[in-house]
Every structure is written in structure tokens, then in C-alpha cells.
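Asks: fold the following, please.
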Amino acid sequence: MKYVFLVSHGELAHGMHTALKMLSGESREDVLSVGLEDGMGADVFVENVKKCLSVVSEDDEILLFADLVGGSPLTNAANTIAELGLMERTVMIGGMNMPLALSAVLMKDTMETADLVEMLIPEAREELKRFQITAEESDDEI
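Replies: Have a look, this model is predicted:
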């Protein structure tokens with residue numbers, strides 16, 4: 001199985017996890033999430049990561065998405081993954097957004113991981129756009 005593992009500061013990872021369930025239309029056992037809560041020590045976060053990853057078997061892969069490159073959730077999760085001997089089967093991406101995570105969840109089982117990652121990053125960038133609504137003038141307003 002390929003797991004999508006979301007880590008973040010605060011509730012972002014859990015919120016994205018909930019939104020992914022809504023958008024994918026299913027309860028997904030292949031999506032995992034851990035958040036570094038305000039005031040939580042790194043040791044507690046690492047224990048939560050270990051608990052979350054306890055379902056990963058030796059044949060599984062992990063797609064790790066984090067809110068910030070270089071942030072403590074990503075670095076602590078990466079160190080824990082290495083400690084658990086899972087690094088060779090893990091791909092890590094920082095700067096996650098919903099289009100990235102949703103595409104990963106929906107497409108991960110249809111293609112090789114390297115090809116998936118090559119598709120995901122440009123697609124996620126493309127989805128970052130300014131949204132603007134312009135008011136239309138009506139003939140009555142002149």
C-alpha cells in the first residue's frame with residue numbers, strides 16, 4: 001500500500017485529512033496525519049508519528065507531505081522515518097496544498113511513485129491562482 005502521510009504545525013494536517021475524506025468520497029485508511037500542536041514538545045510529536053506509522057508494513061511506501069520545508073514537523077517526521085528504517089520507501093514533499101494532497105490520494109495507486117511525484121509538483125503549482133470576481137455593470141446602474 002502507498003500511504004499519504006500529512007504532517008504540519010497545528011491542525012493543518014488533520015484538517016486536510018478531513019477534507020480529503022470529504023473530497024475523495026471515502027473513509028481512507030491510506031491517509032495518515034499528525035500535527036505539532038502549540039506547546040507540544042518534539043518528543044510527543046515523534047511518539048505520535050511512530051504511532052501513526054505503526055500500520056506501515058515492510059512492503060508499503062510513504063508519500064510524506066509537510067506544510068513547510070525545513071519546519072520541525074517535517075524534520076522530526078523524516079528523522080523518525082529514518083529511525084524506523086522506512087526512508088528508502090518514502091518520498092517527502094514540503095509546501096503541501098489541497099490540490100497536491102488530493103491528486104496524490106486519487107492517483108497514487110495508478111502509477112509508479114517517481115512518475116507520480118513528477119506529475120504532482122507542477123500540477124500543485126498550477127492550481128495556485130488568484131481568484132477574482134468582477135462586478136458586471138447592468139444597464140440599470142448607469
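Asks: what pairs with the top strand by length along the chain, and is each one parallel or antiparallel?
Replies: Ranked by residue count under DSSP state E, the longest strand found in the chain is strand 2-9. Neighbouring strands of strand 2-9 in its sheet, by DSSP bridges, are strand 31-36 (parallel), strand 61-66 (parallel).
Asks: out of those, nearest to Glu112?
Replies: Nearest of the strands paired with strand 2-9 to Glu112, taken as CB to CB: strand 61-66 at 10.1 Å. In this view, the C-beta of every residue, glycine as well, is placed from N, C-alpha and C.
Asks: hmm, who's touching that closest one?
Replies: Residues outside strand 61-66 that contact it (CB atoms under 8 Å, 6 or more residues apart in numbering) are 1-8, 53, 56, 73-74, 77-78, 81, 86, 89-96, 100-101, 104, 108, 113, 116-117.
Asks: I'd assumed Glu37 was in contact with Asn48.
Replies: No - using CB atoms under 8 Å, Asn48 makes no contact with Glu37, being 9.4 Å away.
Asks: so which of these two has more stuff around it?
Replies: The neighbour comparison of Asn48 against Glu37 (other CB atoms under 10 Å) goes to Asn48, with 20 against 14.
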